[in-house]
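In: Make a model of this:
(chains A and B)
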Amino acid sequence: MNPKQNEPEATGSGAWKSLLDGYDSLRESISNKEFDVIVIHTPHWKTVVGHHLLGVESFQGLSVDPIFPNLFRYTYDLKIDVELSESIAEEAEARGLVTSIMRNPDFRVDYGTLTTCHLARPQWDTPLVVISSGRPYFYYNNDVGDREMLALGKATLAAIQKSGKKALVLASTSLSHRHFTDEPEDPEDPSFESIYNANQEAWDKRWLSLITKGKGEQLLAEMPDFIEQATSECKDGGMTWLLATLGVPNYPGVVHGYGSIIGTGNAIVEWTPGAER
Amino acid sequence: MSLNNVEGEVVGGFILQPMPQPLLTPKDNEGWQSLRDSYKSVQAEIVRLDPDLIIIYSAKWASIIGHQMLSDPNPKWDIVDQDFHALGTMRYDLKMDKDFAENWRDASKARGLTARCVNYHGFPIDTGTVVNLQLINPDNRYPASVCSCNVYADRGETIVLGKSALDAVKASGKRVVAVAITSLSSRMWTQWIDPKDDAIHSPKDDDWNRKLLDILAEGRLEDVSQLARTFSREANGDNRMKAIWWLAAVMGQNNEYEGTVFDYKPVWGTGAALVGLIPNPGKSADLEYDEDDVERYKGDRGVLSGKK
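Out: Numbers count the residues shown, from 1 in each chain, chains lettered A, B, ... in the order given. Take a look at the predicted model:
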């Protein structure tokens, strides 16, 4: 169903249905869980000078996707848990990271945050912490990037624990991330959609296999190669951050869905700490 | 050819830095203030050229589905920089040439490119475009037409995009100024610095920037275009210097220009330059180059299989 906040109308042709179904399954799974805050790392707020967090109590506005404006023009109204944002920034600084709190009320919230949060929790009834994507992978290399994101994940976990709050943590990220650079008349035409190439798909499937086997440490060990060989959006840091925030899960994740979007590989995955016991 | 049978032409080209500091906080650093002052000279040069239109390729507007041309005739909104949000909000109210954008799109498609116009209320125009239009065209004296930078495009596709822009310019019958919005070296400081301490990120980046500017001052734009890959590798060139490839193509792929380096300063570690190139036929000899000169883009589907 087309979200009322989004101006374009979905055609319903079905190219991305497996992922929509995956989100349905995710929402059902988390519907009986209690959480006070959603903490999200987004790849579409890109910052060079360290890691930034939204620091204004609420944001209202229109977010138009600069890449796919034909698909996403979304009116948003959301609240931020500024106290937790500041606490995460302090924990990160204590671990040697560069951070910044974004306090300009005119700032436009990015489409990665809005898309992922809407599909996971469309009620918009929970305050958010939004963390930008720093550039250490791009400025240095994948190993340096992973080290920073592990530190940021540990900082996030420490701040959540100190707050006494229950948090839903979301990494907004594709797996393989090579796009087609053209699109059909109907962007949702399923006949046009596939993973960009077999190499990308093979890596995605390996990744999903490690997730369902509970191989968190191995995911991290292979992360630099995955990023490089599958041109993965994990290069924006979200996946490593999520694994670290979860304490590097050695228990299986549930894959609610997997599919391609304009050539990229995307999965809906859920880890539930404590479920392994 | 236009309806009145006058072929349009590019009467001048400019390479302009994209960072917001010279617009928002010039007083924080002498170099930023110098750039702000030098923008007045760029503006005066554009007024002297008296164009009908300014066309822009912004390395800071990323696209994935081919290239996008801004066709909202009067985009109004505000933008806050992703990193430098504390410097303030940039409000814009711009004048775009919708017809030219559509013709540029069609000319691009005719050369095999994927291209589309974007005309959506609230579309986020990039920092580089907003900064530069406010500094070189503050009263919207001249309409503009802006194109994105495809993240996957390489030289061939970008050269074809430049040629399609020239096709559209010729057909329009207009006098056009072409602007490439790009840093030279693009390595930024990754920690917060006192603005007074700003410098080019490394001496190597600085050396390469100066080398490039020496060549541009001689008006040798095509030489710089041919050097772009090496420069990007050695000096962290901004988006592989696609903006230079585009500018060289739209200006006719030669070295026959009068070059002026209005300014060159560091902005948060990057090489920020303001350069003007005015056509001056016969100024320097044509040379032989290694890079392909592509006329038509053939896409990236079925590359390995040969199918299209």
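
In: what's the burial count for residue B:274?
Out: Using other C-beta atoms under 10 Å in any protein chain shown as the criterion, residue B:274 is surrounded by 25 other residues. Yep, even glycine has a C-beta here, placed from its N, CA and C like the rest.

In: Is it correct that it is in contact with residue B:35?
Out: Yes - in this structure, residue B:274 is within contact of residue B:35 by C-beta atoms under 8 Å, at 6.7 Å.

In: which residue ranges form the strands in the stretch 51-200 of chain A?
Out: Here the stretch 51-200 of chain A has its strands, by DSSP state E, counting those that start in this stretch, at A:51-54, A:58-64, A:73-79, A:99-102, A:128-134, A:167-171.

In: and chain B, which residues reach chain A?
Out: Selection of chain B residues close to chain A by C-beta under 8 Å from any C-beta of the partner chain yields B:61-66, B:78-80, B:82-83, B:85-86, B:88-89, B:114, B:116, B:118, B:120-124, B:126, B:150, B:152-153, B:187-192, B:268, B:299-301.

In: Of those, which count as buried by neighbour count?
Out: Among the residues of chain B next to chain A, those scoring as buried are B:61-66, B:78-80, B:82-83, B:85, B:88, B:114, B:116, B:118, B:120, B:122-124, B:126, B:150, B:153, B:187-190, B:268, B:300 (criterion: 16 or more other C-beta atoms under 10 Å in any protein chain shown).

In: Take those and keep only those in strands.
Out: Among these, DSSP state E puts B:61, B:62, B:63, B:78, B:79, B:116, B:118, B:150 in strands.

In: quick one, strands of chain B?
Out: Using DSSP E, strands in chain B cover B:9-16, B:53-63, B:67-70, B:76-79, B:90-93, B:115-118, B:144-150, B:175-181, B:257-267, B:270-279.

In: Quick one: closest of those to residue A:243.
Out: Distance to residue A:243, taken as C-beta to C-beta, is lowest for strand B:53-63 among these, at 27.4 Å.

In: Tell me which other helices or strands that closest one touches.
Out: Packing contacts for strand B:53-63, counted by 3 or more C-beta pairs under 8 Å, 6 or more residues apart in numbering or on different chains; DSSP states H and E, involve helix B:98-110, helix B:127-136, strand B:144-150, helix B:155-172, strand B:175-181, helix B:242-250.

In: Save these as TSV, and put in mean pLDDT too.
Out: Listed next are the helices and strands packed on strand B:53-63 as TSV, based on pLDDT from 0 to 100:
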stretch	mean pLDDT
helix B:98-110	98
helix B:127-136	98
strand B:144-150	97
helix B:155-172	97
strand B:175-181	98
helix B:242-250	98
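
In: just these: most buried one?
Out: Using mean count of other C-beta atoms under 10 Å in any protein chain shown, the stretch among these with the greatest mean number of neighbours is helix B:242-250 (a mean of 28).

In: Chain B contacts on the stretch 1-150 of chain A?
Out: Counting by C-beta under 8 Å from any C-beta, the stretch 1-150 of chain A sits next to chain B at A:45-50, A:52, A:62, A:64, A:66-70, A:73, A:98, A:100, A:102-104, A:106-108, A:132, A:134-136, A:139.

In: Not counting sequence-adjacent ones, nearest residue to the most centrally placed residue in chain A?
Out: The centre of chain A sits closest to residue A:172, judged by C-alpha atoms, centre = their mean, with a distance of 1.1 Å. Nearest non-adjacent residue to residue A:172, counting by C-beta to C-beta, 6 or more residues apart in numbering or on different chains: residue A:116, 3.9 Å away.

In: Now do the same for the one you found: its pLDDT.
Out: Per-residue confidence (pLDDT) for residue A:116: 97.

In: That one touches residue A:41, doesn't it?
Out: No - in this structure, residue A:116 is not within contact of residue A:41 by C-beta under 8 Å, at 9.5 Å.

In: Those two: who's more crowded?
Out: When residue A:116 and residue A:41 are compared on other C-beta under 10 Å, the one with more neighbours turns out to be residue A:41, at 32 against 23.

In: host element of that one?
Out: Assigned by DSSP states H and E, residue A:41 belongs to strand A:37-47.

In: Please work out the average pLDDT along that strand.
Out: On average, strand A:37-47 scores 98.

In: and if you look at stretch B:50-64?
Out: pLDDT averaged over stretch B:50-64 gives 97.

In: Could you pull out the buried residues of that stretch?
Out: Under the neighbour-count criterion of 16+ other C-beta under 10 Å, stretch B:50-64 has B:51-64 buried.

In: how many other residues sit next to residue 272?
Out: Unless you meant another one, I'm taking chain A. As a burial measure, residue A:272 scores 15 neighbours (other C-beta under 10 Å).

In: The chain in question should be chain B.
Out: 29.

In: How are the helices of the stretch 51-200 of chain A distributed by residue range?
Out: Using DSSP state H, counting those that start in this stretch, the helices assigned to the stretch 51-200 of chain A run over residues A:82-94, A:111-120, A:136-139, A:142-163, A:198-212.

In: ranking those helices by burial, who's on top?
Out: Mean neighbour counts for the helices of the stretch 51-200 of chain A (mean count of other C-beta under 10 Å) peak at helix A:111-120, with a mean of 22.

In: other SSEs contacting it?
Out: When contacts are defined as 3+ C-beta pairs under 8 Å, 6+ apart, helix A:111-120 packs onto helix A:17-30, strand A:37-47, strand A:73-79, strand A:128-134, strand A:167-171.

In: quick one: low-confidence parts of chain A?
Out: Within chain A, the stretches with pLDDT under 70 are A:1, A:276-277.

In: okay, which residue of it is out on the far edge from center?
Out: residue A:185 (28.2 Å).

In: separation between that residue and residue A:192?
Out: Applying C-beta to C-beta, to the nearest Å, the value for residue A:185 to residue A:192 is 10 Å.

In: And residue B:281, by the same measure?
Out: Applying C-beta to C-beta to residue B:281 and residue A:192 gives a distance of 47 Å.

In: More neighbours: which of the two?
Out: Taking neighbours as other C-beta under 10 Å, residue B:281 and residue A:192 compare with residue A:192 leading, 17 against 8.

In: for the more buried one, what are its contacts?
Out: Taking C-beta atoms under 8 Å, 6 or more residues apart in numbering or on different chains, we find residue A:192 in contact with A:15, A:180, A:183, A:184.

In: Using ChimeraX, define a selection of the buried residues within these.
Out: Only the buried members of the contacts of residue A:192 end up in this ChimeraX selection, burial being decided by 16+ other C-beta under 10 Å:
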select /A:15,180,183
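
In: And the contacts of residue A:192, which two are furthest apart?
Out: The most distant members of those, if one measures by C-beta to C-beta, are A:15 and A:180, lying 11.6 Å apart.

In: Now do the phi/psi pair for the residue nearest to residue A:190 when sequence neighbours are not counted.
Out: Distances taken as C-beta to C-beta, 6+ apart put residue A:15 closest to residue A:190, at 4.4 Å, once the chain neighbours are dropped. Dihedral pair for residue A:15: phi -60, psi -30, per degrees, to the nearest 10.

In: can you check residue A:233 too?
Out: Reported as degrees, to the nearest 10, the phi and psi values for residue A:233 are phi -70, psi -10.

In: That one: neighbouring residues, count only.
Out: Neighbour count of residue A:233, defined by other C-beta under 10 Å: 25.

In: Likewise for the one 4 residues further on?
Out: Using other C-beta under 10 Å, residue A:237 has 30 neighbouring residues.

In: same check, this time on the one 3 residues further on
Out: Applying the criterion other C-beta under 10 Å, we find 30 residues in the vicinity of residue A:240.

In: Who are the contact partners of residue A:26?
Out: A:119, A:120, A:256, A:257, A:268, A:270.

In: returning to that earlier point: I'd like the helices and strands packed on helix A:111-120 as CSV, with distance to residue B:134 appended.
Out: Below are those laid out as CSV (distance: least, C-beta to C-beta, whole Å):
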stretch, distance to residue B:134
helix A:17-30, 40
strand A:37-47, 23
strand A:73-79, 25
strand A:128-134, 25
strand A:167-171, 37
